[in-house]
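**Student:** with the sequence up front, the predicted model follows.
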Amino acid sequence: MLTKLTGIQEEHGFTDAVMARRLGIARSTWTDIRNGKLAISAKVQMRAAREFPELLGDLLMQVSNGPDTATPREAA
């Protein structure tokens, strides 16, 4: 999901502040997620899917595959 989120950010020319606001998190949190310092929490993934419906399929796939298939970065 991170790759798609950063792609959306680049595609739309969103600043980190705009992207963070759309995800309902602090800019510094988004920057840390984008740079791989923090995992994307389930809560943020849900917000992302609500904000960007094109991500809903990714979220459903991750849920249906279960937590064992999540990468460490996305596990939180």
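**Tutor:** That came through, no problem. Residues are numbered from 1 along each chain as shown.

**Student:** going by C-alpha atoms from here, please, whenever you check contacts or count neighbours.
**Tutor:** Will do.

**Student:** can you map out the helices along the protein?
**Tutor:** 2-12, 16-23, 27-34, 42-51, 56-65 (DSSP state H).

**Student:** using TSV, lay out those helices together with mean neighbour count.
**Tutor:** Listed next are the helices of the chain as TSV, based on neighbours: other C-alpha atoms under 10 Å:
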stretch	mean neighbour count
helix 2-12	13
helix 16-23	17
helix 27-34	16
helix 42-51	16
helix 56-65	14
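
**Student:** any idea which of those helices scores lowest on pLDDT?
**Tutor:** Lowest mean pLDDT within the helices of the chain: helix 56-65, at a mean of 78.

**Student:** what distance do you get for residue 26 to residue 61?
**Tutor:** 27 Å (C-alpha to C-alpha, to the nearest Å).

**Student:** and residue 9, by the same measure?
**Tutor:** 22 Å.

**Student:** can you check residue 36 too?
**Tutor:** On the measure of C-alpha to C-alpha, residue 36 and residue 61 end up 21 Å apart.

**Student:** distance between the ends of stretch 15-30?
**Tutor:** 11 Å.

**Student:** how about stretch 22-42?
**Tutor:** Using C-alpha to C-alpha, the end-to-end distance of stretch 22-42 comes to 16 Å.
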